[in-house]
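Colleague: Sequence and computational prediction follow.
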Amino acid sequence: MKIATYNVNSIRKRLPIVLQWLTLNSPDVLCLQETKVQDPDFPLEAFANTGYHITFQGMKSYNGVAILSRTPPESVSTGFGDDEEHKDDPMRLMHVVIHGITILNTYVPQGASLDSPKYQYKLDWFRRLMQYFQCHLSRKKPVIWCGDMNVAPESIDVHHPEKHLKHVCFHETIRKAYYKTVAWGFIDVFRAHYPKKQQFTFWDYRQPPALEANRGWRIDHILATPCLAETCTKVAVDLSPRQAETPSDHTVLWAQFSGEIK
């Protein structure tokens with residue numbers, strides 16, 4: 001199974017990039033974040049001849065998640081469904097099961113600034129996510145958790161880390177929250193394959209030289225429970241979507257797991 005994750009930063013703006021990437025790479029599953037479109041306006045017709053089933057949940061201008069899969073999911077749910085449910089949560093978390101494999105596609109809140117209520121929401125989001133894992137998943141079963149986590153876990157995952165110690169995607173409090181959530185039972189498949197490799201997935205397009213200068217962040221991740229992680233044969237970052245015309249500031253991360261979806 002080949003699974004990929006991509007923060008498109010508007011599915012309608014990035015539609016040519018997504019369609020081309022699907023044609024050239026043929027993943028079994030592609031998880032998208034920040035689709036930024038309400039459901040009636042999702043460009044379904046553009047995917048009509050691609051062979052993919054589209055599952056999506058969105059809102060106007062912000063957030064939004066979607067999963068493109070070769071076969072329709074056996075089950076779909078969105079949001080946490082807990083007592084703290086925020087109006088944005090269903091547009092940030094999508095849970096599907098495809099041929100017995102659970103896939104969670106998440107767009108974690110960015111956090112704005114350390115003194116913002118949005119940062120506390122981000123910290124709470126990871127706490128609630130771990131509770132969600134405990135209630136709905138089993139670490140002994142095949143589970144993939146992927147998406148834009150808005151966290152660079154290690155110093156190697158951000159350019160000039162000494163300059164970003166107070167950044168909402170690298171501050172020690174958010175990294176601890178992320179590590180605690182991952183420790184529930186997930187393995188970062190990229191880092192498992194490349195313990196010391198610096199490879200980013202995001203380069204701010206408000207700073208045009210960022211990509212060329214490789215001033216980036218690794219904030220998009222694919223994680224798997226141990227029984228699935230041990231079957232991961234390859235994982236890579238594809239720079240071509242970020243190098244395309246009018247790109248997202250993120251690019252595609254993909255992983256190949258042994259065996260095929262039947």
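Modeller: Nice, I can see it. Residues are numbered from 1 along each chain as shown.
Colleague: Can you pull out the low-pLDDT segments for the chain?
Modeller: 259-262 (pLDDT under 70).
Colleague: What's the biggest helix in it, counting residues?
Modeller: Taking DSSP state H as the criterion, the chain has its longest helix at helix 117-136.
Colleague: after it, next one along is what?
Modeller: Downstream of helix 117-136, the next assigned helix or strand under DSSP states H and E is strand 143-148.
Colleague: strand partners of that following strand, parallel vs antiparallel please.
Modeller: Here strand 143-148 is paired, per DSSP bridges, with strand 101-107 (parallel), strand 220-224 (antiparallel).
Colleague: Give me whichever of those is most buried.
Modeller: Most buried of the strands paired with strand 143-148 by mean neighbour count (mean count of other Cβ atoms under 10 Å) is strand 220-224; its value is a mean of 25. Where you see a C-beta, it was placed from the backbone N, CA and C, and this is true even at glycine.
Colleague: And that strand, how far out from the chain middle?
Modeller: Relative to the mean C-alpha coordinate of its chain, strand 220-224 is positioned 7 Å out (Cα atoms, centre = their mean, to the nearest Å).
Colleague: Which residues does that strand contact?
Modeller: 3, 5-7, 142-149, 182, 186-190, 201-202, 229, 232, 235, 250-251, 253-255, 257 (Cβ atoms under 8 Å, 6 or more residues apart in numbering).
Colleague: same check, this time on stretch 193-204
Modeller: Everything outside stretch 193-204 that qualifies as a contact, by Cβ under 8 Å, 6+ apart, is 7, 156-157, 159, 190, 210-211, 214-220, 232, 234-235, 237, 242, 249-251, 253.
Colleague: I figured residue 157 hits residue 218, correct?
Modeller: Yes. Applying Cβ atoms under 8 Å as the test, residue 157 and residue 218 come out as touching, 3.9 Å apart.
Colleague: Now do the end-to-end distance for stretch 137-144.
Modeller: End-to-end span of stretch 137-144 (Cα to Cα, to the nearest Å): 11 Å.
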